[in-house]
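Novice: I'd like to go over a predicted model; first the sequence, then the structure.
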Amino acid sequence: MSRVELLSPEGLRIDGRRPAELRKITSTTSVLSQADGSAYLEHGNTKVLAAVYGPREARHRALVIHDRAVLNVELNLAPFSTGERRRRNKNDKRLLEIAQFVKQTFEPVVITTLYPRSQIDIYFQVIQHDGGTLQACINAATLALIDAGIAMTDYVCACTAGWVEREAAIDLNYTEESADTSEMTIAMLPKSSKITLMQMESRLHVDKLDEVIALAGEGCKQIHEVLDKTVRDRAEDLARKMAV
Amino acid sequence: MDRKRVPGPELSVAPLVEYPIDHERWTPQQEKRHDPKRQPEDLRPIYLKTGLISQASGSAYIELENTKLACGVYGPRPVKKIGQGFSGMGVLNCDFKFATFACVKRRNNTRQDPQEKELSQILSQALAPAVRLELLPKSVIDVYITVLESDGWGSCLAAAITAASVALAHAGIEMLDLVAGCSASYMQIGPSISSTTTETSSSSGAGNPITPQIQIFMDADTEEEKYEQGAIVLAYMPSLNEVTHLLQNGKAEGPIINQSVEHCMEACNKVYAVMHHALLESMKESKDA
Amino acid sequence: MPGLISPAERDYILKGIECNIRADGRQRPDYREVILETGVVSQTSGSARVRIAGGSDVLVSVKAEIGSPSASQQFEGRGADDLNNELTQMMSRFLHHTKTTFTTPSSSSSQGSAGAGASTTAGSSSSTGGINLSKLCIIPGQQCWILYIDALVLDYGGNLMDAILMGTRAAIFDTQIPKTEVQDLGDGQFEFEVLDDAEDTDIVEGREDMPICVTLNKVGARHIVDASPLEELCTEAKLVVAVNRSGELCGLQKGNDGGIEPSLLLEMIQFGKTMGQTLIKQLDLKIKEEADSDLAKRQRGEPIQKLGFFAQ
């Protein structure tokens, strides 16, 4: 099998980016009328829609925790989101796993003790899939939670980084992900630089680990700026509309 | 000589068998139906009887020649789950099921397939306007339909509506009126039709100034449904003069639809008489017993 | 979606409709503003997003994939709950050779998909949907294009069915199917090649005859179109009328637990037919406008900007 050249001799990646360059991020909030908070986020060609409902009364009595809220995360992949059309079961292991990661990421950040005996639902709809679904979901969830006005200690910004052929690279796309590169997703609280999620399923030499984490951390900081700008723009827009 | 076979007597003739229907392939021709005894507006003879299922609160069995189905009504009973919430109105819960052998293709009997689910929903929408659900708060009425043999998709649904409303009456549930169901198919008439040329027929439909003649056949069977351009199923309350359900598929001009709706309503009146008769019979029987 | 309505609110809506003024200021036969954009998802053969102002938001995608024709040519539907089942079955009835599936991930964003399976035996079926299936055939009896139609309901604000069918029509108009070249290897063996040329593609034949539908809601003795969620809760009976461009009826279905008088029923069918024809005309105009402007931009080499979610 011929291997795809992921890094050109000039040091450019398959989509023309430099190793430490993020894809274009665009985002907006309040896209849905029925949800309490919603956000739409694009990382290049990866497009995710997040909707937050709640805090509301827990659906099942068994879920109620008397002193804090429960987070419920569901992820759905549109059948047309990937190159080949495929229907995924709602209980697809891979989707459940990503949902679980998102849940674990946000549990320490959302101040759940403010909403006892209630439930906060976060739903994701992946409209187009081009690598980095987890990071896109986490970033979209941050925006949607802020849009819903749910108390959090800080933003959560996620970014993937990996070792592509001979260099550390950031924000891998689908082609890079599917080749046997080592890939790691970290989620970070930008203010304190604390890491709330670190996920890696492939091999990476321990000497290279520091470099990759540092690069991903750098990416998180950049993403934070974009997210912060979206939130501030939206707030300004609202303030202007209220003043009229 | 073949010793194993018993030879017939020397003076033997072929048995006389009367074939009910000629085995030529039937194609739609005006005024002549798959069953040559029927006129276009004729329904198949209906056999309707109540009280077939002894365990049910009310039941009915209906037969239109090869369309046979049974209906059982259970309830009203209290809502089982507390979690289902309070409802000031009763709930009509319909369950439509084909027996595994009911259709040409074997059906799986485990769970309701989407078609059955939809038919259940249609049935409940068709019956709900007649049943006085506001008198039965916090209760559920279960209507179970089992199709034993299906000959024509539309007639099957229509028969189910008819049987279910008779079964509801038999169960003594208060209703405003009986709901009668009827189906009709419409198709192009003429010798030129052949099953292999949709393209030519559609192009001739566009290019030919002579519009193809459309004939409406009431209560079509499977053979006729193969040629249909579309079909209509109507549920109607004759005394109240109210349509409780209408379902149409297939392309058609407005006047054809209007005409078939009217035909169906007329036919529903005929079905209504049969329903009345069946209920009166059941009253007589219970009095005798 | 809200499931409950107070008697006072119901009364307000009922009386308003009786006086021909609805809660949002519209009259009975008025449609809300419809926002349409085609070509929004790049990974599909064709896509469209339809928004009805202040409410329903539907993303429809058409994906053409190669598969073998199904022998039965029956629709398959899978439904997660009642609403989905109703929508899929209705859609497959109106579009005729469509395979539909719907699931709901959350209370307001539900997702469905429908696939139109093309078969070489298209001749025996009367095609209501209008798509000329024989043109989707590559090798008779063996290989054909299958059009999968997926409808993703992103937001609910009443009148979902109309929005979905409008989106489907727009997405089918946007669909480009790659050309194929078939080689005859003799003794019944065929081989084909998909030509990889983005400029030279086929359109879906018969797309002009795709139907759209108009949902009429009977409230009191009157009927309204394009009901809002609250109005849908007051509806006694609704009638979905599917119409194609030439004004032929392609499907009718009554919904909800109420009856309709025969005279009103015939009036509603007639009204739905006229309304549907006007809607189709306007829709086609918009689709054509957008396709023309996209083509002009492509020829000038300008990038085509799709607003997608950033449109406000």
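Specialist: Received, thanks.
Novice: roughly how far apart are residue C:44 and chain A?
Specialist: Distance of residue C:44 to chain A, computed by Cβ to the nearest Cβ, to the nearest Å: 5 Å. (Each C-beta comes from the backbone N, C-alpha and C, glycine too.)
Novice: does that residue touch residue C:61 like I think?
Specialist: Yes - between residue C:44 and residue C:61 there is a contact under Cβ atoms under 8 Å: 4.2 Å.
Novice: got any residues that touch both of the two?
Specialist: Common neighbours of residue C:44 and residue C:61 (criterion: Cβ atoms under 8 Å, 6 or more residues apart in numbering or on different chains): residue A:80.
Novice: stretch C:204-213 vs chain B: in contact?
Specialist: No - using Cβ under 8 Å from any Cβ of the partner chain, stretch C:204-213 never reaches chain B; the gap is at least 8.6 Å.
Novice: quick one: mean pLDDT over that stretch.
Specialist: For stretch C:204-213, the mean per-residue pLDDT is 82.
Novice: where in the stretch 151-289 of chain B is pLDDT low?
Specialist: B:190-212 (pLDDT under 70).
Novice: which SS class is residue B:247?
Specialist: On the three-state scheme (DSSP: H, G, I helix; E, B strand; the rest coil), residue B:247 is labelled strand.
Novice: swap in residue C:240?
Specialist: On the basis of three-state DSSP, residue C:240 is classed as strand.
Novice: go on, residue A:161?
Specialist: Classification of residue A:161 by three-state DSSP places it in strand.
Novice: doesn't residue A:167 make contact with it?
Specialist: No - checked against Cβ under 8 Å, the pair residue A:161 and residue A:167 is beyond contact range at 10.8 Å.
Novice: the two: which is more packed in?
Specialist: Using other Cβ atoms under 10 Å in any protein chain shown as the criterion, residue A:161 and residue A:167 rank with residue A:161 on top: 29 against 17.
Novice: around the spatially closest residue to that one that is not a sequence neighbour, how many other residues sit close by?
Specialist: Leaving out its chain neighbours, the residue that sits closest to residue A:161 by Cβ to Cβ, 6 or more residues apart in numbering or on different chains is residue A:216, at 3.7 Å. By the criterion of other Cβ under 10 Å, residue A:216 has 25 neighbours.
Novice: so what does the strand or helix carrying residue A:216 touch, helix or strand wise?
Specialist: Assessed by DSSP states H and E, residue A:216 sits inside helix A:206-243. Helices and strands touching helix A:206-243, by 3 or more Cβ pairs under 8 Å, 6 or more residues apart in numbering or on different chains; DSSP states H and E, are strand A:25-29, helix A:133-147, strand A:157-164, strand A:167-170, strand A:182-189.
Novice: mind running it again at 10 Å?
Specialist: Helix A:206-243 is packed against strand A:25-29, strand A:37-43, helix A:133-147, strand A:157-164, strand A:167-170, strand A:182-189, strand A:194-200, with contacts defined by 3 or more Cβ pairs under 10 Å, 6 or more residues apart in numbering or on different chains; DSSP states H and E.
Novice: which strands border the fifth one, and is each parallel or antiparallel?
Specialist: Think strand A:167-170. Using DSSP bridges, the strands paired with strand A:167-170 are strand A:157-164 (antiparallel).
Novice: now the partner strand against strand A:182-189, angle please.
Specialist: 160 degrees (axes from the mean of the first three to the mean of the last three Cα atoms, to 10 degrees).
Novice: now strand A:157-164: how far from the chain's centre is it?
Specialist: Taking the mean of its C-alpha atoms, strand A:157-164 sits 12 Å from the chain's own mean (Cα atoms, centre = their mean, to the nearest Å).
Novice: buried stuff in that strand?
Specialist: A:157, A:158, A:159, A:160, A:161, A:162, A:163, A:164 (16 or more other Cβ atoms under 10 Å in any protein chain shown).
Novice: right, and the first one touches residue A:185 too?
Specialist: No - contact criterion Cβ atoms under 10 Å: residue A:157 and residue A:185 do not qualify, at 11.3 Å.
Novice: anything in contact with each of the two?
Specialist: Contact with both residue A:157 and residue A:185 is made by residues A:135, A:138, according to Cβ atoms under 10 Å, 6 or more residues apart in numbering or on different chains.
Novice: can you pull the contacts of the residue nearest to residue A:161?
Specialist: Listed by Cβ under 10 Å, 6+ apart, the contact partners of residue A:216 are A:135, A:158-162, A:168, A:170-171, A:184-188, A:195, A:198.
Novice: and what of residue A:131?
Specialist: Neighbouring residues of residue A:131 by Cβ under 10 Å, 6+ apart: A:23, A:43-46, A:160, A:171-178, A:183.
Novice: next up, phi/psi of it, please.
Specialist: Phi and psi for residue A:131, reported as degrees, to the nearest 10, are phi 80, psi 150.
Novice: try residue B:260
Specialist: According to degrees, to the nearest 10, residue B:260 has phi -70, psi -30.
Novice: sketch out the low-pLDDT regions of the stretch 51-200 of chain C for me.
Specialist: Ranges of the stretch 51-200 of chain C meeting pLDDT under 70: C:69-135, C:141.
Novice: the longest helix in chain C is where?
Specialist: In chain C, assigned by DSSP state H, the helix with the most residues is helix C:262-300.
Novice: so for that helix, mean pLDDT?
Specialist: Averaged across helix C:262-300, the pLDDT comes to 90.
Novice: re earlier: any shared contact partners between residue A:161 and residue A:167?
Specialist: In contact with both residue A:161 and residue A:167: A:19, A:20, A:211, A:215, using Cβ under 10 Å, 6+ apart.
Novice: could you dump those residues to TSV with pLDDT, neighbour count and distance to residue C:227?
Specialist: Formatted as TSV, these follow (pLDDT from 0 to 100; neighbours: other Cβ atoms under 10 Å in any protein chain shown; distance: Cβ to Cβ, whole Å):
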residue	pLDDT	neighbour count	distance to residue C:227
A:19	89	20	54
A:20	90	15	53
A:211	92	14	59
A:215	93	24	53
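Novice: circling back: show the pLDDT at the residue nearest to residue A:161.
Specialist: Listed pLDDT for residue A:216 reads 93.
Novice: how close does it sit to chain B?
Specialist: Residue A:216 is 45 Å from chain B, by Cβ to the nearest Cβ.
Novice: any idea how far the helix or strand bottoming out on mean pLDDT in chain A is from the middle of the chain?
Specialist: Every helix and strand of chain A was ranked by mean pLDDT, DSSP states H and E. The lowest is helix A:174-178, at a mean of 87. A distance of 17 Å separates the centroid of the chain from that of helix A:174-178, by Cα atoms, centre = their mean.
Novice: got it, and stretch C:211-219?
Specialist: 13 Å.
Novice: buried ones in that stretch?
Specialist: Going by neighbour count (16+ other Cβ under 10 Å), the buried part of stretch C:211-219 is C:211, C:212, C:213, C:214, C:215, C:216, C:217, C:218, C:219.
Novice: so, low pLDDT: which residues of chain A?
Specialist: A:1-3, A:87-90.
Novice: near chain B, which residues of it are found?
Specialist: Within chain A, the positions near chain B by Cβ under 10 Å from any Cβ of the partner chain are A:60, A:61.
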